[in-house]
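[1] fold the following, please.
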Amino acid sequence: MSDNHPGQHRLARVQVVNWGTFDGYHQFPVARRGFLITGNSGSGKSTLLDGISAVLMPSGSVKFNAAAQETDKSGRNLVSYIRGAWRRDTDADTDTLVSSYLRDGATVSAIALTYRTDDDGTPTTLVKLMHLGRGKNAASDVSHLHLLLADELDVTDLLPYVTAGIDTRAIRKQWPNADVNPSYSPFAAKFRRRLGISTEGAQRLLHRTLSAKSLGSLDQLFRDFMLDVPRTFALADRAVEQFQDLREAHRVVVDAREQVEMLAPLTALADTRRTSLAVVQETEQEQLYVDAVYARRMLEILQREVASLSAQTPLLQQAVDDARREAESTDRARLDALVAVEGVGGGRLSVLTAEREQGAKTIDRIKRRRDQIAHAVAAWNGEVPASAEAFTRLVGEVKNLVDESRGSHEDRRAEQYDLSGRRSAARTLRAELEADRTALARRRSNIDPSLLRARELLCTDTGLTEDQLPFGGELLEVLPDETAWAGPIERVLAGFGRTLLVPEEHYRTVAGAVDAAHLGTRLVYLRVRPTAASPRRTGSASLVRKVAVAPGPLQTWLHVHLAESFDYACVESVADLAAEKRAVTKSGQVKHSSQRHEKDDRRRIDDHSRWVLGFDNEAKLADLRRRLADLDAQIAGWSARLQSIDTNEQQRNAQIRAAQTVLDAEWSDIDIASAEAELAAIVDQIGRWEQDNPEHSTLSLRLDAAVDAARAAADSLTAATARRTQHGHEVERREKRIAAAAEAGDQEVPDDVAGRLEARFAATNRRLTSENIDAARTTVDRAIATENKSAQAHLAASQTAITRILTQYLARWESRGGELQADSEYVDDALVILGRLRSDGLPHYETRFFDLLNEQSARNIGEIALAVRKAPADIRARIEPVNESLRHSPFDTDRWLKISVRENRSPVATEFLDELSAVTGKSWSEEDRAAAEDRFLRMSRLLERLGSRDPADGRWQKQVLDTRLHVRFIGVEFDADGEATNYHDSSAGLSGGQAQKLVFFCLAAALRYQLAPDGSGMPRYGTVILDEAFDRADAAFTRRALDVFTQFGFHLVLATPLKLLQTLEDYIGGTATIAIRDSRQSTINLVEWADIEDGRP
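    Okay, here's the model as predicted:
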């Protein structure tokens, strides 16, 4: 039934050498009318067809055993065919599956395909030579050579030239008219022109036809066989690749912005530093010259005051002279009056008066002594004795009291010393606990305050937060049900709990800060590298199972680390301890290994004060509050007892002092009755004398007046003399200070400094004097010192802040190290960089970013959107030539077939188009930069997903980019009048055979279009290879499908099981049966149809 079509290139001969299970050389002719390759399953039919494909397709595109593949992967490859893989065995050493090869050493494989235009026409031979060295099994290890000859060639003639590798030069020399090329592309281009295969697309379609048995629908045919992979994938790849430039531009913008943001505070800090430095320098200058300015002002003031005082000296001297003359005059009058009084009574009154005065003094002395005695005896509620006998008894009682007090003193002192020692120790402990409580109250951590201060210092230096640098104990907590084991667990994990955990990304920064700082304590830190490992299993009694791990970025690492390093069994007894590799008992004995054991009882095992585990420190704070309350109660009790002892001691000491006062006295010291009687007798005598001498009263009055006048004059003289003396001292003192001030004021003072200091002195008082200038100096000194201290503090704070910013800056932008150092002296250089970034760098980077954004959004994203939208129209244009081809051949009696393309976008694809529109919806401008930033982020997310290698994203990419999925194909049957008579929605509603007929009819039309591009009815290239086709069709439908290919002018090479032989008889002119021996050696036998019908091989 097949026409031989003279002039059409058809496969005429196949030769293989060392290909799969075809070991050595094999060849068979191919009948021009059609050819059948048959044999049992696994005999090697597909191996032969794969050999043909290896010549007709590049290595990277060929799909071996395509008809049997259910996925894109196959167990066969070029190396397995060259080596002759024939079975899979289990390796005894590795317990893995390995291939068994027919050819282990250096191997040459060859495949030759000969085409003819008729039985006597000029042949065309295509040859593929392959060489694989000993011990090499990678596809990249295979050497290739391709030959195209306008002649018949036995491939065995080439074998001498490939025994030690492919000798290309010798082959070219031996076959000078052959086209010899190691590369496949030039070889393929030439054989396509030679054989009439119009395009690479036609070449791929012929290869895909090999697996046409899997075709079950029009959608599958046109999507997988007819239509090439749409350019949207390449556009997306290009967009993703070019977006790296945009992403880099955006990174540069963000980088510049972050640099500006980090350096921006330096402007204010530099001003503060500059101002503070100026104040420091000015105040230091003022401190240097303040003595000189003070001396100058002092000299001026003293000279002015001395001049003023010198003018007052004569007046003060005149006042002294006048007062002296007055004193001398009044004193003479007093003496005259005194002589007159004493002349009356021969001086008896003077004696009595003197005795009266002495008696009054004695009474005063006795009263004072009695008051002392009264105060003393009050110490034991006693009274002053009224008689000598009572006084004697009091002295005896007092002696007894003193003796008793001295006997008990040592006991009281011993008790007092003991209580004082206890209270002092308790107060010291309380101060420590209160400091711990204060530190804990400021944080939620149980870690030692010294370690927390060290971390705070590191965080300040690095700019990291405390959450980014946790201690191990802050991320671990004993489970509520396991608190009985809290003490032992604390002993095992105490060291790790106090260990700082430094994530890998912060390691270099923290290591540098630790090295540069004096931490004031011992710090251990761990470099925490990311891990994907799972924690190993631990026993039910393991310490690890009794500890909760805080959620967060270090949670996985902590689980792994705990399981690896702290898998200690919690055991109840020493016997259990001995049985475990590592364990801890409830009393705190730790077994680290079979040799090393430890028990640290420097503190009680239930002492919470040194515990470090816990997500918060509430339990530790509660324990500290309880201990503080207990200590307060103890301290209060001891203080009350000490107070009582002290009070009693003071009372006893007072009694002893009072007793000594009594013991030091005589009865005469307090006998006031006798003294008062003596004074009364003298007063009585004076009264009687005055009665006997009446003129004495007048003279006494005159004497009293004279005495008062003399006393007043003497006082005036004393006052005037004192004023004159004080005046002289003032002048003398100022003159001495003038000399010192003149010497100190010789220092040269810069005018600006002198001006500032003069202003400071003037501001202290409205008028400076020698009396207040020292206070003014103190005020000026204090003001200068205060301003200097404040400026020093601001300077230090600004320099620290500048250094911290530059440290952080250089840690991120190390390339700036040539321009900057982490030192405040480089702040001006940093401000220059900031200025450049603001004036040149950032605007330039932003302009480039927005230019690229504008360009890529309009070009790359726009092209993807346009390609997706135009895809249905492009596919219709691509299918139209197939429809034209279909019009030349009836599909059924008086009916023809047409393929209709309908849009069929999924919601995912529609959403993708909307997202593309959102990215390219309007042009970019300088006015909408904020919107552009937002659109860049959308574009970034979109392209990140388009470039993702995640399987889920891969499925999404296929849905949105494979525009072949955005349409469906409808087969429309129409009659001679052009009226539609039937519709086939893909292959729905058709039987298997009907579906295959529909699909193969369209496939044949597509092939004829590809291979007869000039519109001629007969393709120039005719051979179509079908592997195991028509497996689901009955004989009638199989013939109908084969009629389609013969109707369209194709030469069929079929590989199929024996069951279809009778059906295929009319479509073939030759048959080869493939047999295999011991599952490893395939052979080819040519047979006649009569042999097949008789059952002979």
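[2] show me what contacts the most centrally placed residue in the chain?
    The residue lying closest to the centre of the chain (Cα atoms, centre = their mean) is Q468, at 6.1 Å. Neighbouring residues of Q468 by Cβ atoms under 8 Å, 6 or more residues apart in numbering: 503, 506. The C-beta positions use only the backbone N, C-alpha and C, and glycine is treated the same way.
[3] pLDDT score for it?
    Q468 carries a pLDDT value of 91.
[4] just checking, next helix/strand downstream of the helix or strand harbouring E676?
    Here E676 sits within helix 672-692, counting by DSSP states H and E. Following helix 672-692 in sequence order, the next helix or strand is helix 696-744 (DSSP H and E).
[5] quick one: that following helix to helix 672-692, angle?
    120 degrees (axes from the mean of the first three to the mean of the last three Cα atoms, to 10 degrees).
[6] and after helix 696-744, which helix or strand comes next?
    Next along from helix 696-744, by DSSP H and E: helix 751-762.
[7] quick one: buried residues of whatever helix or strand comes next after that next one?
    Where DSSP H and E defines the elements, the next helix or strand beyond helix 751-762 is helix 773-812. By 16 or more other Cβ atoms under 10 Å, the buried positions in helix 773-812 come out as 773, 776-777, 779-780, 784, 788, 791-792, 794-795, 798-799, 801-811.
[8] contacting residues around the helix or strand that helix 773-812 is followed by?
    Sequence-wise, the next helix or strand downstream of helix 773-812 (DSSP H and E) is helix 827-836. With Cβ under 8 Å, 6+ apart as the contact definition, helix 827-836 has outside contacts at 259-260, 263-264, 266-267, 269-270, 273, 802, 805-806, 809, 816, 819-820.
[9] 10 Å - rerun?
    Helix 827-836 is contacted from outside by 256, 259-260, 262-264, 266-267, 269-270, 273-274, 798-799, 802-803, 805-806, 809-810, 813, 816, 819-821, 823-824, 826, 841-842, using Cβ atoms under 10 Å, 6 or more residues apart in numbering.
[10] repeat that for stretch 585-597.
    Taking Cβ under 10 Å, 6+ apart as the rule, stretch 585-597 contacts 484-485, 487-492, 568-574, 576-578, 580-584, 598-601, 603-606.
[11] buried ones in that stretch?
    Buried, per 16+ other Cβ under 10 Å, within stretch 585-597: 585, 588-591.
[12] can you get me the start-to-end distance on stretch 218-231?
    22 Å (Cα to Cα, to the nearest Å).
[13] quick one: average pLDDT of it?
    So the average pLDDT for stretch 218-231 ends up being 80.
[14] where's the helix holding E676 relative to the chain centroid, distance-wise?
    Centroid displacement of helix 672-692 relative to its chain, using Cα atoms, centre = their mean, to the nearest Å, is 107 Å.
[15] what about L937, distance to T556?
    Applying Cβ to Cβ, to the nearest Å, the value for L937 to T556 is 30 Å.
[16] for R734, grab the count of nearby residues.
    Neighbour count for R734, taken as other Cβ atoms under 10 Å: 22.
[17] how about the closest residue to A583 other than its chain neighbours, phi and psi?
    Using Cβ to Cβ, 6 or more residues apart in numbering and skipping residues adjacent in sequence, the residue nearest A583 is A569, 4.2 Å away. With angles defined as degrees, to the nearest 10, A569 sits at phi -80, psi 140.
[18] ok, now T107?
    According to degrees, to the nearest 10, T107 has phi -130, psi 140.
[19] contacting residues for it?
    Going by Cβ under 10 Å, 6+ apart, the list of residues near T107 reads 17-18, 79, 82-84, 101, 130-134, 136, 142, 162.
[20] mind listing the helices for the stretch 851-1000 of the chain?
    Taking DSSP state H, counting those that start in this stretch as the test, the helices found in the stretch 851-1000 of the chain are 862-886, 907-919, 929-946, 951-961, 992-1011.
[21] now the longest one: mean pLDDT?
    By that I understand helix 862-886. On average, helix 862-886 scores 85.
[22] what helices or strands is it leaning on?
    Judged by 3 or more Cβ pairs under 10 Å, 6 or more residues apart in numbering; DSSP states H and E, helix 862-886 is in contact with helix 232-263, strand 896-903, helix 907-919, helix 929-946, helix 951-961, strand 967-974, helix 992-1011.
[23] just the fourth one next, same as before
    Secondary structure elements in contact with helix 951-961, counted by 3+ Cβ pairs under 10 Å, 6+ apart, are helix 232-263, helix 862-886, helix 907-919, helix 929-946.
[24] show me which of the contacts of T107 is closest to R297.
    Among those, K136 lies closest to R297 (Cβ to Cβ), at 102.6 Å.
[25] what's the longest helix along the chain packed up against?
    The longest helix of the chain (DSSP state H) is helix 265-342. Applying 3+ Cβ pairs under 10 Å, 6+ apart, we find helix 265-342 packed against helix 348-377, helix 696-744, helix 751-762, helix 773-812, helix 827-836.
[26] okay, buried residues for the last one please.
    Buried residues in helix 827-836, counted by 16+ other Cβ under 10 Å: 827, 830, 833-834.
[27] a markdown table for these, including distance to I1025?
    Shown next, in a markdown table, are these (distance: Cβ to Cβ, whole Å):
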| residue | distance to I1025 |
| --- | --- |
| V827 | 79 |
| A830 | 74 |
| I833 | 70 |
| L834 | 72 |
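[28] confidence-wise, which of these comes last?
    Within the set of these, pLDDT is lowest for L834 (72).
[29] tell me which of L937 and T556 has more neighbours.
    Neighbours per residue (other Cβ under 10 Å) separate L937 from T556, with T556 holding more: 16 against 11.
[30] you'd agree that one is up against A563?
    No - T556 is beyond contact range of A563, at 11.1 Å (criterion: Cβ atoms under 10 Å).
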